[in-house]
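Student: Generate a structure from the sequence data that follows.
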Amino acid sequence: MTKFIFVRHGEPDYSTAGDWIKTPLGIHFSGLSDAGRAQIKDSCKELKRYDVDLIVSSPYTRTMQGATIMVRELNADVVVEHDLHEWQVDLSYSITDQNVLLQLCQEHDRLNGTYPDGETRGWESTAMARSRVLKCLEKYKTYNCVVVSGHAMMMQAVFGINEPLEYGAILELEL
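Tutor: Residues are numbered from 1 along each chain as shown. Okay, the predicted model is just below:
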């Protein structure tokens, strides 16, 4: 069995995305705030009790920045995995209107992340997100302990929970 320890990224600083913030996926270029970096350092205090073999990170800046802090604190290598990205509000990657994106988020929440029977939507369902992440982690099951630097909605999908997750939150999963 492999222990996967999921760590939510720290508080982002959206001002670090600069002009990218105006593009559909620009928010993902945001790094961590000073508080966010401190949150990840605090999480590392808990993570030090594990014998971490590897850190696997989402490709988004805030999670990779957190992973670099973990690399220093835990003395482990890091691998970046595209499929550990956050929940996808727009599966077409083409919507630029923030109001439309907000409507898709609200629809997702109203439907509890589940498509109505026989229908599809433009956003990633909770089941799709969970499947994507678990499939990605399959190749790391040869390790004993892997830290996953990730996102709240991705973690909620994997663990089947709806409550909010604090920045730097830690959840364990054995596969």
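Student: I'd like the average pLDDT over stretch 50-66.
Tutor: For stretch 50-66, mean pLDDT rounds to 95.
Student: distance between the ends of it?
Tutor: Using Cα to Cα, to the nearest Å, one end of stretch 50-66 lies 17 Å from the other.
Student: Identify the bridge partners of the residue nearest to Ala169 when sequence neighbours are not counted.
Tutor: Leaving aside its chain neighbours, Ala169 sits nearest to Arg8 (4.5 Å; criterion: Cβ to Cβ, 6 or more residues apart in numbering). Backbone N, C-alpha and C define where each C-beta goes, glycine included. Arg8 has these beta-bridge partners by DSSP bridges: Gly150.
Student: ok, how many other residues are close to Arg8?
Tutor: 26 (other Cβ atoms under 10 Å).
Student: Repeat that for the one 3 residues further on.
Tutor: Applying the criterion other Cβ under 10 Å, we find 17 residues in the vicinity of Glu11.
Student: any idea how far it is from Lys41?
Tutor: 12 Å (Cβ to Cβ, to the nearest Å).
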